[in-house]
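>>> Here is a sequence with its predicted model. Questions after.
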Amino acid sequence: MAGKAPKELKVGDKAPAFDCPDETGAKRALKDYKGKTVVLYFYPKDDTPGCTIEACEFRDSVAQFKAKGAAVLGVSPDTPESHKKFIAKFGLTFPLLSDVDHKVCEAYGVWKKKQFMGREYMGVERSTFVIGPDGKLVYVENGVTAKGHAAAMLERI
């Protein structure tokens, strides 16, 4: 499958199942959220400028998401230990899922070739998927701008 572009998910598609550890090492699976709206956001790396802005904005509005019956989950290739430090440093109040083998990122089509300072590498394209209570995608946004994103997602659910 080398060289094959990832499938682009779109509104109405069934959300790919996932099962990966959170910051405590406990397994989290999409099926655990059946009947709830899930805001699943993918970000490149813990404790980096854009990712911190995005995570803190979700933290600051997590009560509003809960009031709308939505759970917020962040996903990155970082380890549970890295997530635990990131959560503690910024007082994050929602789970961060560890996708060290990139399986969830690949299933959602966000593990992509990127370029920085002339160097190509594989990494996470900042993206968000809103999954409805029926397990289908109700909103998809790739290439997210971190600042203001949480507020925009609140308007989408």
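It's in.
>>> hey, where'd the strands end up in the protein?
19-21, 27-29, 37-42, 70-76, 96-98, 111-116, 119-124, 127-131, 137-142 (DSSP state E).
>>> helices or strands next to the fourth one in the packing?
The helices and strands touching strand 70-76, judged by 3 or more CB pairs under 8 Å, 6 or more residues apart in numbering; DSSP states H and E, are strand 37-42, helix 49-67, strand 96-98. C-beta: built from backbone N, CA, C; applies to glycine.
>>> could you dump the strands of the chain to TSV with mean pLDDT, distance to residue 13 and mean neighbour count?
Converted to TSV, the strands of the chain look like this (pLDDT from 0 to 100; distance: least, CB to CB, whole Å; neighbours: other CB atoms under 10 Å):
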stretch	mean pLDDT	distance to residue 13	mean neighbour count
strand 19-21	95	19	16
strand 27-29	96	18	15
strand 37-42	97	13	24
strand 70-76	97	17	24
strand 96-98	97	20	24
strand 111-116	84	17	13
strand 119-124	87	19	13
strand 127-131	96	9	23
strand 137-142	93	5	17
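>>> centroid residue for the protein?
Centroid-nearest residue in the chain, with CA atoms, centre = their mean: residue 41, separated by 2.2 Å.
>>> For that one, give me its contacts.
Each residue near residue 41 by CB atoms under 8 Å, 6 or more residues apart in numbering is listed here: 54, 58, 72-75, 126-129, 144, 149, 153.
>>> close enough to count as contact, residue 24 and residue 88?
No: using CB atoms under 8 Å, residue 24 is not in contact with residue 88, being 12.0 Å away.
>>> can I get the helices and strands packed on strand 70-76 in TSV with distance to residue 29?
Below are these laid out as TSV (distance: least, CB to CB, whole Å):
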stretch	distance to residue 29
strand 37-42	11
helix 49-67	19
strand 96-98	10
